[in-house]
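Visitor: I would like to see how this sequence folds:
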Amino acid sequence: MNPTKTIFKANTRGHADHGWLKAYHSFSFANYYNPARMSFGTLRVLNDDSIDAGMGFGKHPHDNMEIITIPLEGALEHQDSMGNKAVIKHGEIQVMSAGTGIIHSEYNKSDEEILKLLQIWIIPNKINVSPRYQQIVLNIDDRKNKLQQILSPKEKDEGVWIHQDAWFHIGDFENNFELNYQLKKEGNGIYIFIIKGDFVINEEKLDTRDAIGFTNTSNISIKSLNNDASLLIIEVPMS
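Guide: Numbering: from 1, shown residues only. The predicted structure is shown next:
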């Protein structure tokens, strides 16, 4: 193996300020276009959004995409053309398999507080599937100084599932905690997004909202440099 890595510094992301919405785009999205930042394998979108109280996205369509939402602060109100009405809070995760097509809306549930969330799009390995919605409550204690699996390809595994050979893990760590991440499927890549705090990932120092991508490797070393440091690991096929 010839391991490769790519560092994605937080200040190199695309940025859009719509007043009520402040968004940072890790990959090309909407009016942000960077031919060097189109995707990381089947990871197509990673948006870091802050939405003002009472504001949000009106009804809009999607198809043939796996859409994952992870609230970081606040609560998101969701409605869709499948009849789902839900509120998703910090400590929960939502996935939609858009498949043949869905229409949905997303709003900040609060009239007072800002909503902060990550929305992630994964290119599926099956197209035109029946649209599907899933939302679960995660046990936040299960990510204390360890990696909690929050998404996989298998319906009966921990977390939600999607139509792709992808795995997501999230962890909250104390200062100087060390652990390793083992690749789940040969040939996949590993994209690590720092939610908050500082880490050393395979000897690379990363700060809040930085990210790093690895290919051609099966083991990643992780060390936190602060108390209350958090990260998200996204393992995806590279083609």
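
Visitor: which residues touch the closest residue to T4 other than its chain neighbours?
Guide: Of all residues not flanking T4 in the chain, T215 sits nearest, at 5.0 Å (Cβ to Cβ, 6 or more residues apart in numbering). Any C-beta I mention is one placed from the backbone N, CA and C, and that applies to glycine too. Contacts were defined as Cβ atoms under 8 Å, 6 or more residues apart in numbering; by that measure T215 touches 3-4, 189-190, 238.

Visitor: what's the pLDDT at T215?
Guide: Looking at T215, its pLDDT stands at 98.

Visitor: for it, give its distance to N125.
Guide: 18 Å (Cβ to Cβ, to the nearest Å).

Visitor: got it, and A10?
Guide: 30 Å.

Visitor: now swap in G171 and tell me
Guide: G171 is 26 Å from N125, by Cβ to Cβ.

Visitor: again, but for I150
Guide: 19 Å.

Visitor: verify the contact between T6 and G213 for me.
Guide: Yes: contact criterion Cβ atoms under 8 Å: T6 and G213 qualify, at 4.6 Å.

Visitor: run through the bridge partners of F29.
Guide: Judged by DSSP bridges, the bridge partners of F29 are Y32.

Visitor: look up how far D48 lies from it.
Guide: F29 is 11 Å from D48, by Cβ to Cβ.

Visitor: what mean pLDDT does stretch 102-113 get?
Guide: 95.

Visitor: actually stretch 8-20, not the one I typed
Guide: Here the average pLDDT along stretch 8-20 is 97.

Visitor: any idea how far it is from the chain center?
Guide: Put simply, stretch 8-20 sits 16 Å off its chain's centre (Cα atoms, centre = their mean, to the nearest Å).

Visitor: where in this protein is pLDDT low?
Guide: Across the chain, the ranges flagged by pLDDT under 70 are 1.
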